[in-house]
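Visitor: Mind looking at a prediction? Sequence and model below.
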Amino acid sequence: MSEYTPSGLSPYANLIARSWNSAMPMTALWEITYACNHKCAFCYNCPERGRRELSKDQIIEGLHKIADLGCIFLVLSGGEPLTRPDFFDIAWAGKRLGFALRVYTNGYLVDEIVARKMRDLMPFEIEVSFHGSRAETFDKLTGVPGSFERVLQGIRNLRAQGLKVNMKCPITRWNQSELREIKALAESLGCHAEFDAVITPRDDGDTSPLALQADREFLEKLWSPEYADITHEEVPVPRNDTIVQANCGTGRSTVALDPYGNIYPCVQWRRSAGLITEVQDMRALWKESPVLNEVRRIALEIPKTTLKTCESGEFCSFCPGVAEVQTGDPRNIYPQVKMTSEIRKQKHSDFLSIQSKTAS
């Protein structure tokens, strides 16, 4: 593949674009366990009954292989990664290999001792899943009574150690009315709040989590200037597929692994390219894998085919992994993206209409 170097971008955005365009891996996300102390109704993980997760030594050996691939960031995720008693052994192994560490946690197990261990580890950032501004909402979404107060205390413990914490909130119909309160709560704790309107099916194809997605009436407000402080977008902006050639960074800027060692193009697209315990040369796999090369080819085709034939395609934030799970084909438009792209296109059109009237 010939490399395309974009211009007119910030240095970091330019690096991301180069990573996508030339399949230069930057981030490895490893779900080191599917064990979790929360029971979130919208969780997409699907543990395989009876299958053994990799041991600490197997994961650390795998981290050496990923380091050889040249990734900058290592994300340790789950499930809940802190349920593994050997979590810090694994994290320190990644740190010693030179990775910039990110930790995705629900915060439930972060007492003062764990927070001090995190301070010593000094991850690049810690992302804590957060689900509501009130215990009633939060505990309903996690399925664990008392989780709201305990997670809040976990965040306070991390912040007391001077650690950077992002509070990431999946938007559901149960918490959609609380976004500003969540944002204010995050700011009071010295954290940044991130909101994600995407709810996906489970990895086994079960679509029941979609019943929790935010309703259309709310999404129409979310993508309007009224919620610009949440979306950081005064008006929806169309895609620019001339700067970045591929639909997304799957199999390009990211590689994902599950607790059994399967290697995936990303966390959403579960096509296994092999097992980390069996791969000897990750660089060779990255270049030669038929699975990864097909995924990359499809991601290049989508802006020219799927999004071109969709009436609101230029406003689609399209995920081929979700498309494949939900429709059986990574090129098919699925209901959630169709709805959000239609809303975003209409809001963009409304903005242009107002501008035109103002100018005249």
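Guide: Right, received. Where do you want to start? Residues are numbered from 1 along each chain as shown.

Visitor: drop to CA atoms for contacts and neighbour counts, all remaining ones
Guide: Fine.

Visitor: Just the buried residues of stretch 175-183, please?
Guide: Buried residues in stretch 175-183, counting neighbours by 16 or more other C-alpha atoms under 10 Å, are found at Asn175, Gln176, Glu178, Leu179, Ile182, Lys183.

Visitor: list the contacts for the first one?
Guide: Neighbouring residues of Asn175 by C-alpha atoms under 8 Å, 6 or more residues apart in numbering: His131, Gly132, Thr137.

Visitor: The first one - nearest residue in space that isn't next to it in sequence?
Guide: The shortest distance from His131 to any non-neighbouring residue, by C-alpha to C-alpha, 6 or more residues apart in numbering, is to Phe138 (5.0 Å).

Visitor: And the residue nearest the centre of the chain?
Guide: Ranked by distance to the mean C-alpha position of the chain (C-alpha atoms, centre = their mean), the top residue is Val267 at 7.7 Å.

Visitor: Distance of it relative to Gln245?
Guide: Applying C-alpha to C-alpha, to the nearest Å, one obtains 21 Å for the distance of Val267 from Gln245.

Visitor: cool, and Ala273?
Guide: From Ala273 across to Gln245, the span is 23 Å (C-alpha to C-alpha).

Visitor: Could you do Ser224 as well?
Guide: Distance, Ser224 to Gln245, using C-alpha to C-alpha: 28 Å.

Visitor: Report pLDDT for Gln355.
Guide: According to the model's per-residue confidence, Gln355 sits at a pLDDT of 80.

Visitor: Does Cys169 touch His131 like I think?
Guide: Yes - using C-alpha atoms under 8 Å, Cys169 makes contact with His131 at a distance of 5.5 Å.

Visitor: who has more neighbours, those two?
Guide: His131 (29 against 20; other C-alpha atoms under 10 Å).

Visitor: mind listing the helices for the stretch 201-350 of the chain?
Guide: In chain order, the stretch 201-350 of the chain shows helices spanning 216-222, 228-231, 282-288, 290-301, 306-309, 320-327, 335-359, with DSSP state H, counting those that start in this stretch as the criterion.

Visitor: now the angle from the fourth one to helix 320-327?
Guide: Direction vectors for helix 290-301 and helix 320-327, defined by axes from the mean of the first three to the mean of the last three C-alpha atoms, to 10 degrees, enclose an angle of 100 degrees.

Visitor: got the buried residues for helix 290-301?
Guide: Residues of helix 290-301 classed as buried by neighbour count (16+ other C-alpha under 10 Å): Val291, Leu292, Asn293, Val295, Arg296, Ile298, Ala299, Leu300, Glu301.

Visitor: Tell me the spacing between the first one and Thr200.
Guide: Going back to what we said before, that points to Val291. Using C-alpha to C-alpha, we find Val291 at a distance of 22 Å from Thr200.

Visitor: so how many other residues sit close to the closest residue in space to Thr254 that isn't next to it in sequence?
Guide: Of all residues not flanking Thr254 in the chain, Thr27 sits nearest, at 4.8 Å (C-alpha to C-alpha, 6+ apart). The burial count assigned to Thr27 is 23, neighbours taken as other C-alpha under 10 Å.

Visitor: go on, Gly50?
Guide: Counted with other C-alpha under 10 Å, the neighbours of Gly50 add up to 6.

Visitor: do Glu61 as well
Guide: Neighbourhood size, Glu61 [other C-alpha under 10 Å]: 14.

Visitor: That one: what secondary structure?
Guide: Assigned with DSSP: H, G, I helix; E, B strand; the rest coil, Glu61 falls in the helix class.

Visitor: and Pro201, what does it touch?
Guide: Phe42, Tyr44, Thr207, Ser208, Pro209, Leu210, Val322, Val325, Gln326.

Visitor: so Leu141 sits right up against Cys40, yeah?
Guide: Yes - with contact defined as C-alpha under 8 Å, Leu141 counts as touching Cys40 (5.6 Å).

Visitor: Any stretches of the stretch 101-250 of the chain with poor pLDDT?
Guide: Under the criterion of pLDDT under 70, none of the stretch 101-250 of the chain is flagged as low confidence.
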